[in-house]
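[1] sequence and predicted structure are below.
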Amino acid sequence: MRLIPESLRGYQRPWLARDVIAGLTLSAVAIPEVMGYTSIAGTPIVTGLYTVIFPTLLFALLGSSRLLVVGADSATAAVLAAGLTGLGIAGVTPGSPEWLALASLTALVCGGLLIVARLLRLGFIGDFLSTSVLIGFLTGVGIQVLSGQIPDLLGISKGKGIWFEQQWHWISSLSSIQLATFAFGLSTIAIILIFKRFIPVVPGAIVAVVLLTAISALTDAQAHGVAVVGAVQGGFPPIGLPSGISWPDVTKVLPTALSCFVLIIAQSAATSRSFAFRHGDAVDINRDIVGLSGANLAAGLSGTFVVNGSPTKTQILDEQKGRTQLANMTMSAVVLLFTLFFTGLLVDMPKAVLGGIVFLIGVSLIDIPGLQRLWIRRRNEFVVAVITTVTVFAVGVEQGIVLAIVLSMLDIIRRQYKPGDYVIGQDQAGEPTYLAARPGVQSLPGLVVFRYDAELFYANANRFVDHLELIIANAPDPVRWVALDCGAIDDIDYSAGVTLANLVNYCQAHHARFVLVRPDTQLLATLRSYGTLAEIGEGNIYRTVADTFRAYRADPGSAALNAGAEA
């Protein structure tokens, strides 16, 4: 049983036909798609095919997800290209052997980082990129990807410089459009969209590739100025370490590998979770990291570039009712056969066809519905998403990754530093009510029950105390009891413990009793070890908010205020 891959355990015979059919369908989509990704990564076309042979197979054998499809991905391809371009090494240009060697080395380093992540159980890293940041990042990648294909679609040269300069170059060169090239590119887009709209069960991309390549061959399109793929070196993927690589090269590609590493964990974990939850399967992100590590090591040792979990291909597999990784193994076998025997069919394929495929991939990454939801439901997160988007396409993908991580961490800090805080009251039925904590609000005359929805630590403790002191000082009646609802406070560091003790002294100096409500056992043990609980008093602890209200009303010192409130 242990020899059976985790993703195939419990396999049922009735699934076999559906998995094979799903794998064949997935192959028809994946072949043109992964070839298109090479135009983003700057590697030979055949390397795109290599990404779904051994890397996909290794993930199927080592990972836990039943459906996650691993292979070339637009986001990691964009990160890779941006990182290698930023090295500025003479002779290392897109398409060169040196470029491919560094791309394969990046995959190996990425695989090594994923091994470390598994040993240290760092699967949680993916949780630190918020949904809003991922929406912004992938939207930015989409804009960069689709805009990068426009020159190929128009048959004009690509500009240099920053993103805005590149866009101005093709805009100012519109008079030089190569009409035959543009016709092939536009036809590709039209065919894919028509099939997606009216015949979704047929992969429009493969139809476009077959049909337009045939037209190109029959009309000798190359003689009319249409750039074609040309001879594609097929055959078995090369096995072994990238040639011409030395140890200093590892340090050069490490920043790029780190960026890919973060994106792989975040995107693959999100994709794996969403499809597992959809089918009621268990999720083991750390086990998937093992599979992703094996996939990237396989990529680096088989002459290709970084691979990632693909949301689009996983969605296709799910739509085709694939049940397990056997579907992905089928895809790997089909792509291997194509690579061995049929790459000669690509000679006359116009580059504009690949450009059209990648252009639509870029369009699919632009998450307009997601941005609209953020605008309606969480305006501040919409701003974060837009900033991330603009940084990715206007500054750089790697810079976008760094910004995404920084913004996500700042958002965590912001939530902890300035969480929701409330003054809890009671309605006529005795049920708690939550009022925004602001000067002039109290729970009962002379009573303030204060709820703070975050852990207390050195950074937010002073703000917490200042806010509560402001509530106490501005209460309509002299405050006799201050109750801290600890329902959301399960830990408190030493600095905050000292600050809390000072707050207790402040309350006592103003003749107010300080009590704790709903503290858990661990929090009490922590406060006891700090000596803060001794300042509060072991008798000033209440199990529920309702108990606190009853005790306050029964306090003889509060009788007069209680009588006034009831009157």
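    Now that the structure is in, tell me what you want to look at. Numbering: from 1, shown residues only.
[2] show me what the strand or helix carrying Leu435 is packed against.
    Element membership for Leu435, per DSSP states H and E: strand 432-436. Applying 3 or more C-beta pairs under 8 Å, 6 or more residues apart in numbering; DSSP states H and E, one finds that strand 432-436 makes contact with strand 421-426. Backbone N, C-alpha and C define where each C-beta goes, glycine included.
[3] can you give me the mean pLDDT across the strand it packs on?
    Averaging the model's pLDDT scores along strand 421-426 yields 90.
[4] buried stuff in the strand holding Leu435?
    Pro432 (16 or more other C-beta atoms under 10 Å).
[5] in the stretch 451-567 of the chain, which ranges drop under the pLDDT threshold?
    Where the stretch 451-567 of the chain drops to pLDDT under 70, the residues are 557-567.
[6] show me the helices in it, by range?
    461-473, 494-509, 521-530, 532-536, 545-554, 559-566 (DSSP state H, counting those that start in this stretch).
[7] mind checking how far the third one is from the chain centre?
    Right, the one you point to is helix 521-530. For helix 521-530, the gap between its own C-alpha mean and the chain's C-alpha mean amounts to 37 Å (C-alpha atoms, centre = their mean, to the nearest Å).
[8] now do that helix: which elements does it pack against?
    The elements that helix 521-530 packs onto, with contact taken as 3+ C-beta pairs under 8 Å, 6+ apart, are helix 494-509, helix 532-536.
[9] CA atoms only for that helix, dumped as CSV, please.
    What follows is the C-alpha trace of helix 521-530 in CSV, where atoms were taken according to Å, rounded to 0.1, in the frame of the first residue of the first chain:
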residue,chain,number,x,y,z
THR,A,521,-6.3,28.9,30.9
GLN,A,522,-3.2,29.6,28.9
LEU,A,523,-3.7,33.4,29.1
LEU,A,524,-4.2,33.2,32.9
ALA,A,525,-1.0,31.2,33.3
THR,A,526,0.9,33.7,31.2
LEU,A,527,-0.5,36.7,33.2
ARG,A,528,0.3,34.8,36.4
SER,A,529,3.9,34.3,35.4
TYR,A,530,4.3,38.0,34.6
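[10] I would like the residues contacting it, please.
    Helix 521-530 is contacted from outside by 486, 489-492, 494, 497-498, 500-501, 516, 519, 533-534, 536, 541, using C-beta atoms under 8 Å, 6 or more residues apart in numbering.
[11] just put the helices and strands packed on helix 521-530 in a markdown table and tack on distance to Pro478.
    A markdown table is the format used below for the helices and strands packed on helix 521-530 (distance: least, C-beta to C-beta, whole Å):
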| stretch | distance to Pro478 |
| --- | --- |
| helix 494-509 | 12 |
| helix 532-536 | 21 |
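[12] Gly111 touches Leu301, doesn't it?
    No: shown here, Gly111 and Leu301 do not form a contact pair, counting by C-beta atoms under 8 Å, at 9.0 Å.
[13] those two: which has the busier surroundings?
    The residue with the greater number of neighbours, taking Gly111 and Leu301 and applying other C-beta atoms under 10 Å, is Gly111; the counts read 26 against 20.
[14] contact partners for that one?
    For Gly111, the contacting residues are Ser293, Gly294, Ala295, Asn296, Leu297, Ala299, Gly300, taking C-beta under 8 Å, 6+ apart as the criterion.
[15] from the residues you listed, list just the buried residues.
    Of all these considered here, the ones buried according to neighbour count by 16+ other C-beta under 10 Å are Ser293, Gly294, Ala295, Asn296, Leu297, Ala299, Gly300.
[16] which pLDDT value goes with the second one?
    Gly294 is assigned a pLDDT of 96 by the prediction.
[17] again, but for the fifth one
    Reading off the per-residue confidence, Leu297 sits at a pLDDT of 97.
[18] 19 is where my numbering starts, stick with that
    Okay, using 19 as the starting number, the last item reads as Leu315.
[19] quick check, it in contact with Leu126.
    Yes: assessed by C-beta under 8 Å, Leu315 is found in contact with Leu126 at 6.2 Å.
[20] for the biggest helix by length in the chain, packing partners?
    Using DSSP state H, we find that the single longest helix of the chain is helix 265-297. With contacts defined as 3+ C-beta pairs under 8 Å, 6+ apart, the secondary structure elements packing on helix 265-297 are helix 92-105, helix 115-137, helix 149-172, helix 303-319, strand 326-327, helix 329-337, helix 415-435.
[21] what's stretch 217-231 in contact with?
    With C-beta under 8 Å, 6+ apart as the contact definition, stretch 217-231 has outside contacts at 43, 46-47, 49-51, 202, 205-206, 209-214, 363-364, 366-368, 371, 374-375.
[22] of the residues you listed, just the buried ones, ChimeraX syntax please.
    Applied in ChimeraX, the following selects the buried portion of these according to 16+ other C-beta under 10 Å:
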select :43,46,47,49,50,51,202,205,206,209,210,213,363,364,366,367,368,371,374,375
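[23] among the contacts of stretch 217-231, which are in helices?
    When helices are assigned by DSSP H, the members of the contacts of stretch 217-231 inside them are 43, 46-47, 49-51, 202, 205-206, 209-214, 371, 374-375.
[24] where does this protein dip in pLDDT?
    Counting by pLDDT under 70, the chain contains low-confidence residues at 19-21, 144, 146, 575-585.
[25] now with 50?
    Low-confidence segments of the chain (pLDDT under 50): 585.
[26] got the contact list for the strand holding Leu453?
    Residues lying outside strand 450-454 but in contact with it, judged by C-beta under 8 Å, 6+ apart, are Tyr440, Val441, Ile442, Gly443, Gln444, Asp445, Val459, Arg469, Val563, Ala564.
[27] most widely separated two among those residues?
    For these, the maximum inter-member distance is 19.5 Å, found between Val459 and Ala564 (C-beta to C-beta).
[28] between these two, which is the more surrounded one?
    Val459 (17 against 14).
[29] wasn't that one part of a strand?
    No: applying DSSP: H, G, I helix; E, B strand; the rest coil, one finds Val459 to be coil, outside a strand.
[30] I'd guessed it sits against Tyr440; true?
    No: counting by C-beta under 8 Å, no contact exists between Val459 and Tyr440, whose distance comes to 9.0 Å.
[31] distance of Gln343 relative to Phe254?
    22 Å (C-beta to C-beta, to the nearest Å).
[32] now stretch 276-293: buried residues?
    For stretch 276-293, burial by neighbour count (16+ other C-beta under 10 Å) applies to 276-291, 293.
[33] could you dump it to CSV, C-alpha only?
    These are the backbone C-alpha positions of stretch 276-293, laid out as CSV (Å, rounded to 0.1, in the frame of the first residue of the first chain):
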residue,chain,number,x,y,z
LEU,A,276,13.0,32.7,-4.1
SER,A,277,10.4,34.7,-6.0
CYS,A,278,9.3,31.6,-7.9
PHE,A,279,9.3,29.6,-4.6
VAL,A,280,6.9,32.0,-2.9
LEU,A,281,4.6,32.1,-5.9
ILE,A,282,4.6,28.3,-6.3
ILE,A,283,3.6,27.7,-2.7
ALA,A,284,0.9,30.4,-2.7
GLN,A,285,-0.7,29.6,-6.1
SER,A,286,-0.4,25.8,-5.9
ALA,A,287,-1.7,25.7,-2.3
ALA,A,288,-4.7,27.9,-3.2
THR,A,289,-5.5,25.8,-6.3
SER,A,290,-5.1,22.5,-4.5
ARG,A,291,-7.3,23.6,-1.6
SER,A,292,-10.1,25.0,-3.8
PHE,A,293,-10.4,21.8,-5.8
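[34] alright, that wraps it up for me.
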